[in-house]
Structures are given as structure tokens and as C-alpha cells.
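# predicted model follows, preceded by the sequence.
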Amino acid sequence: MSESPYNLIVLISGNGSNLQALIDACASSELPNTRVTHVISNRKGAFGLQRAAKASIPTTYHNLVPFKRKHPQTEEGTAAARKEYDSSLASIILSLSPRPDVIVCAGWMHILTPEFLNPIAAQGIKVINLHPALPGEFAGAGAIERAWKAGKEEGLKRTGVMIHEVIAEVDAGEAVVTEEVELREGEGLEDLEKRMHEVEHGLIVEGTRKVLEKIKK
Ligand SMILES: Nc1nc2c(c(=O)[nH]1)N[C@@H](CN(C=O)c1ccc(C(=O)N[C@@H](CCC(=O)O)C(=O)O)cc1)CN2
Ligand SMILES: NCC(=O)N[C@@H]1O[C@H](COP(=O)([O-])[O-])[C@@H](O)[C@H]1O
């Protein structure tokens, strides 16, 4: 990797354990010459914001409510609000210094619209996402529970985790790295979730490193 550091902006919505994995990797040799320069959450109470603050990483709470208030509470109004919200999110990110090399969705629980994706792509910034499923399976929210149920009810033998490029179609972007996770007969959902999160914490670092290795600084 080059002398000038690689800059990551991480989008979160919750606990931030995957954010923590990235922060720890930057502090070790796992992600050399790399730093998390900003963390953005769509939820004020996200514990990941506290993790960032503890690591002296600047944070932003990007609240959807002010955008919703400007539109009628209809399907169309909500869609318009989300587009304005996403456009604003892109403007916030593009106004930050240093400019990110990669934006990592680490439990970011909003579907990103082209109003976000297009201006970011225009600046040559990659967006990647951690998804607790394999390519083409269980797209969207609640993937772990859906796989667990498929194991119980349909005999599914394995699920997995992937880091993928983010495109408009949800969880359909090219996979950067994947790892299968076996489904164990009689295992409870919480135990599967624990095993999945352990895989996530390693894969988010490996996937970020793979993307950074392709960026020439
Ligand atoms: N355009 C894209 N946006 C996002 C992607 C993507 O691949 N393309 N990945 C997701 C992350 N994600 C799964 O990995 C995901 C998260 C949330 C949802 C979802 O249905 N969210 C609801 C709201 C849920 C909430 O606010 O509690 C919604 O957006 O209406 C789907 C997929 C990140 N975004
Ligand atoms: N569709 C994306 C998705 O469901 N992501 C899920 O959000 C969690 C975030 O945890 P964290 O806040 O502790 O990193 C991850 O564990 C992942 O399974």
C-alpha cells in the first residue's frame, strides 16, 4: 500500500461490532496505513457512535425525520424524503476532508437510492456492504433468521457472509469476498447469530483490504 493513508467512512445503524473490527484492524497490521476518518449513523442511539467517539473518530448522526416532515406521510412522500435524505448524505460525505477511498456499510439498515450512489460513484468512491448471506440468497433485512428457518424447515445445509459492492439493487452487487457458514441441526438462532457475527468481523476486514489493494494512491 502507498505512503498516504487510505481513508474509510463507515455507515452504521446499531451496535457497531463490525465498525469495531475495522477500527481494531486499522490499529493493527491487518489494515496497514488505513484509518476510519468518519462514522455516520442513521440512528442517534447507535452504540457504534460511542465506539467511534472512544476511538476519537468524528461522527455524524444523519436523521431522517426532518426530511420526512417536509413531505406527506404517503408512500410517495416517504420515497421523496428518502431521496432527499440520501442526496444530503452524499453531500455530507463529499464535503468531508479527507475524502474517503471507500465507504463501508457495516449494518447500515437503509436501502441506498441512486441519489446517494450516483454522486459518490461520480467521484470514484467505492461503496461496499457487509451482508450475512451468500450471493443471491436472503437479500435484505433479517437474513440470518431467514437462513436459520430455512435450515430448520427446508433442510438448508449452509448459509454464509459476504462483502459486496453496493449497487441500486439490494445485496446484488459483485461479491468481493464470501465465507460459508454451516447450519447445525438443533442450533438456536442466537448461537447461529454468534457464529455469523464472528465470521463477519473477519470478513469485513478482509473484504475492505481487498478493495483497498485495488486502489492506487
Ligand atoms: N442500494 C443498496 N442499498 C443497500 C444495500 C445494497 O446492496 N444496495 N445493502 C444494504 C444493507 N442491507 C443488507 O445488507 C439492507 C439493510 C436494510 C434493508 C431494509 O429493508 N431496510 C428498510 C428499513 C429498515 C429500518 O430502517 O429499520 C428500508 O430501507 O426501507 C435492506 C437491506 C444497505 N443498503
Ligand atoms: N442487511 C445487512 C445486515 O443485516 N447486517 C447485519 O447488521 C449487523 C450489524 O452489526 P454491528 O452493528 O454489530 O456491526 C451485522 O451483524 C449484520 O448481520
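Perfect, thanks for sending it. Numbers count the residues shown, from 1 in each chain. Ligands and ions are numbered 1, 2, ... in the order given.
# hey, let's count contacts and neighbours off CA atoms from now on
OK.
# what residues of whichever helix in the chain runs longest count as buried?
Taking DSSP state H as the criterion, the chain has its longest helix at helix 189-213. By neighbour count with 16 or more other CA atoms under 10 Å, helix 189-213 contains the buried residues 192, 196-197, 199-209, 211-212.
# likewise for stretch 26-43?
Buried residues in stretch 26-43 (16+ other CA under 10 Å): 26, 31, 33-43.
# pLDDT at the most centrally placed residue in the chain, what is it?
Centrality entry for the chain: nearest residue to the mean C-alpha point is Cys105, 1.6 Å, by CA atoms, centre = their mean. You'll see Cys105 listed with a pLDDT of 98.
# cool, Met1 as well?
With respect to pLDDT, Met1 has a value of 49.
# check Lys217 too.
Looking at Lys217, its pLDDT is 78.
# I'd say it and Asn7 touch.
No: at 10.8 Å, Lys217 does not count as touching Asn7 under the criterion of CA atoms under 8 Å.
# more crowded one of these two?
Applying other CA atoms under 10 Å to Lys217 and Asn7 shows that Asn7 carries more neighbours, namely 20 against 12.
# which other helices and strands contact the helix or strand encompassing the more buried one?
Using DSSP states H and E, Asn7 sits in strand 6-12. The contact analysis (3 or more CA pairs under 8 Å, 6 or more residues apart in numbering; DSSP states H and E) places strand 6-12 against strand 34-41, strand 102-105.
# what's the farthest-apart pair in the buried residues of stretch 26-43?
Taking every pair in these and measuring CA to CA, the maximum separation is 29.4 Å, between Asn33 and Arg43.
# quick one, what contacts Val170?
111, 139-140 (CA atoms under 8 Å, 6 or more residues apart in numbering).
# which among these end up buried?
In the contacts of Val170, burial by neighbour count holds for 111, 139, counting by 16+ other CA under 10 Å.
# of the contacts of Val170, closest to ligand 2?
Of all these, ligand 2 sits closest to Gly140, with 5.1 Å by CA to the nearest ligand atom.
# right, and the closest one touches Glu169 too?
No: using CA under 8 Å as the test, Gly140 is too far from Glu169 to be in contact (10.1 Å).
# that older thread, just give me how far the longest helix of the chain sits from the chain centre.
In terms of CA atoms, centre = their mean, to the nearest Å, the centre of helix 189-213 is set 11 Å apart from its chain centre.
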